[in-house]
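Visitor: any chance you can model this:
(one chain, ligands or ions: 2)
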Amino acid sequence: MRWSQSFLVTLREVPGDAEVVSHQLLYRAGMIQKLAAGIYSFTPLGFRSLKKMIEIVREEMDATGAQEVDLPILQPKELWVESGRWDRYIDDGILFHLKDRKQGEFALAPTAEEAVTDMVRRSVTSWRQLPFNLYQIRTKFRDEIRPRFGLLRGREFLMKDAYSFDLDAKGLDAHYRAMDAAYRSIFRRCSLDFAVVQADSGAIGGSASEEFMVIADTGEDALVFSDAGDYGANIERAETGPLPEPWAGEAPGPFEKAGADVTGLTTCEEQARRLSTEKARVVKTMLYEVVTAENLAFVAAVMIRGDVEINEVKLPKALGGLHAKLVSEEKLAETTGTRPGFVGPIGLRGADGREIPVHVDRSLANAVNVFCGANEDGRLHAGVSIARDVTVAAIVEVATAREGDPAPVGTGTLKIKRGIEVGHIFKLGTKYSESMRCEVADQSQKSVPLVMGCYGLGLGRTLAAAIEQNHDDDGIIWPVPLAPFACVVVSLQRDAEVIAAADRIYERLKAAGVEVLYDDRDERPGVKFKDADLIGFPVRVVVGGKALAKGVVEVSARREKVKHEIPPENVVDAVTRTLAAGAKSLVL
Ligand code: ATP
Ligand code: MG
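Guide: Ligands and ions are numbered 1, 2, ... in the order given. Presented below is the predicted three-dimensional model:
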């Protein structure tokens, strides 16, 4: 492709709303444009990279035996009511929905469990027709709260979504493992540094779920790894081994009701300093409003050491609910007679006079001689021994993992890294097949719901994540498999000799099957170099008068940025070898 004949415009300016590097660089490289918040167009250059991604995903999915389908994006409300997702998704505000001329309501698909389950239940009646895995690569819509990270978080975005159907858990397991393997080869083929971590599977479901994370400092997710290499989890669900206990081996002292005066000090930090004790000994008691799957609401208290935070993703399940949110300060005052910082577990009663159940984080189970709120402004009880002084409803595990905590398995210590979720595999079980009656007759002619898995992968997000991981001050450094063009040929002058030489190299590279962009524009060399670095072609060939006079041209790898002078007739070899080796450095 000749630049002079293509629709390709780079920009010097960064748009004001582009906060993340991938957004800035994709925009400046002329690969995407914003149509509205979270809605992007791909230009011809950008679409080339997206198509690469699509092809990689399709090849790897097909290789597992999964079959491609094309499910409607516009989906009737009735299906969504049947699955039970309509109200929840409307409440969450995530669903784009609309009415037709007859007032019929429709959703723009954020995923396609309903549509695919409907397709299957219409045509499958017997266990003999199983198993299979159906996938599509299609646009999804979600009205994200903060669509401000470019392709990382769009409101319209491209996702590969697959849905497996089996008779039993064993079959699901096999599909799940096949998807895990396919995802690993997809991200390996994209040359990405990624990790697979255990993920939160929500309060429903509860079966296995893993996320594929591209490691990048700019990632929205915090990931917890054991330095022994045998544990990785999203911090949302990460566990720790037992924490070191400052009270280990101590005999419980007497309970001091009047305890300590910490007037005006509401944080554990300040209170611990005033009391000259460790933060761990200043115990926080928090009140949560819990809502169960049956829509029952109750208030529960949670106690945790002052040096540890409550993990609010793990919390609802631990309290026996679907959702849990902190009670408002007004309600807290009504219930306890005091404000945050001074709430405690002893004698806690709700407005109805009933005792509020007190859940104690595992890290406090053996605690003795600690402080906790006295339900009186400015006052803490002292000498509290949890088992002796507190009526414990349950010991729960709701601590947020911290860097340096012991790993939950093995002997390692936890480290925290940041990552971008690019894929998610999930054992759904029978959630949709039960609510939507997607059943078959099993071997004994009994009607059973199918066992499903779902597997999502964001294509645009993966491209953006590749840039978050691979860039420098000058621009993108495309991994070869995702680059819009593998190579750029730059002609420096307009004289006949340079043009003839550059034309020849361009033609030869094309003939050798290299995807090459020929920068034949009438522009200054500085402009061409800047653009080549910005777009991030893995290999660059520069043809200029001075070098030609010496019988050479300049070739360099974008990542290495070291110029090598080589005779024009060796360029094709050097370029193809370099690309085959991943273009980390030039291979002569
Ligand atoms: P997140 O937690 O980042 O919002 P999610 O858990 O809602 O993502 P899934 O429902 O698991 O995402 O979707 C499967 C995949 O689709 C994700 O792993 C991600 O790659 C991609 N994806 C999800 N939401 C978006 C979005 N708004 N923009 C681009 N890609 C997305
Ligand atoms: Mg997810």
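Visitor: restricting to C-alpha, output stretch 15-35 in PDB.
Guide: What follows is stretch 15-35, C-alpha atoms only, in PDB (Å, rounded to 0.1, in the frame of the first residue of the first chain):
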ATOM      1  CA  PRO A  15      -7.600  14.600  22.400                       C
ATOM      2  CA  GLY A  16      -8.500  16.000  25.700                       C
ATOM      3  CA  ASP A  17     -10.500  13.000  26.900                       C
ATOM      4  CA  ALA A  18      -7.800  10.500  26.100                       C
ATOM      5  CA  GLU A  19      -6.500   9.400  29.500                       C
ATOM      6  CA  VAL A  20      -4.800   6.200  28.700                       C
ATOM      7  CA  VAL A  21      -1.800   5.700  26.400                       C
ATOM      8  CA  SER A  22      -3.500   3.200  24.100                       C
ATOM      9  CA  HIS A  23      -6.300   5.600  23.500                       C
ATOM     10  CA  GLN A  24      -3.900   8.500  22.800                       C
ATOM     11  CA  LEU A  25      -1.700   6.500  20.500                       C
ATOM     12  CA  LEU A  26      -4.400   4.700  18.500                       C
ATOM     13  CA  TYR A  27      -6.000   8.100  18.000                       C
ATOM     14  CA  ARG A  28      -2.800   9.900  17.000                       C
ATOM     15  CA  ALA A  29      -1.700   7.000  14.800                       C
ATOM     16  CA  GLY A  30      -5.000   7.600  12.900                       C
ATOM     17  CA  MET A  31      -6.300   4.100  13.700                       C
ATOM     18  CA  ILE A  32      -9.500   5.000  15.500                       C
ATOM     19  CA  GLN A  33     -11.800   8.000  15.800                       C
ATOM     20  CA  LYS A  34     -14.300   8.800  18.400                       C
ATOM     21  CA  LEU A  35     -17.900   9.100  17.200                       C
END
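Visitor: that stretch close to ligand 1?
Guide: No: taking CB under 6 Å from any ligand atom as the criterion, stretch 15-35 and ligand 1 are apart, separated by no less than 11.5 Å. (Each C-beta comes from the backbone N, C-alpha and C, glycine too.)
Visitor: repeat that for stretch 306-316.
Guide: No: Stretch 306-316 stays clear of ligand 1 (CB under 6 Å from any ligand atom), getting no nearer than 11.1 Å.
Visitor: quick check: end-to-end length of that stretch?
Guide: Criterion CA to CA, to the nearest Å; first-to-last residue distance in stretch 306-316 is 20 Å.
Visitor: likewise for stretch 357-369?
Guide: Stretch 357-369 has an end-to-end distance of 22 Å (CA to CA).
Visitor: mind checking how far it is from the chain centre?
Guide: In terms of CA atoms, centre = their mean, to the nearest Å, the centre of stretch 357-369 is found 33 Å from the chain centre.
Visitor: which parts of the stretch 351-500 of the chain sit against ligand 1?
Guide: When proximity is defined as CB under 6 Å from any ligand atom, the stretch 351-500 of the chain approaches ligand 1 at Glu421, Val422, Gly423, His424, Gly456, Leu457, Gly458, Gly460, Arg461.
Visitor: most widely separated two among those?
Guide: His424 and Gly460 (15.1 Å; CB to CB).
Visitor: who's more crowded, the two?
Guide: A direct count of neighbours by other CB atoms under 10 Å for His424 and Gly460 places Gly460 higher, at 26 against 19.
Visitor: who's in contact with the nearest residue to the more buried one once chain neighbours are set aside?
Guide: In space, and not counting its chain neighbours, Gly460 is closest to Leu151: 4.0 Å by CB to CB, 6 or more residues apart in numbering. Counting by CB atoms under 8 Å, 6 or more residues apart in numbering, Leu151 touches Ser22, His23, Leu26, Ile32, Tyr40, Phe157, Gly460, Arg461, Leu463, Ala464.
Visitor: show me where the stretch 351-500 of the chain has helices.
Guide: 386-389, 431-435, 459-469, 496-511 (DSSP state H, counting those that start in this stretch).
Visitor: nearest to Leu548, out of the ones you listed?
Guide: Of the helices of the stretch 351-500 of the chain, nearest to Leu548 by CB to CB is helix 496-511, at 5.7 Å.
Visitor: just to revisit the earlier point, can you classify the residue nearest to Gly460 by secondary structure?
Guide: helix (DSSP: H, G, I helix; E, B strand; the rest coil).
Visitor: from the stretch 151-300 of the chain, which residue is nearest to ligand 1?
Guide: The nearest approach of the stretch 151-300 of the chain to ligand 1 comes at Phe157, 3.6 Å away (CB to the nearest ligand atom).
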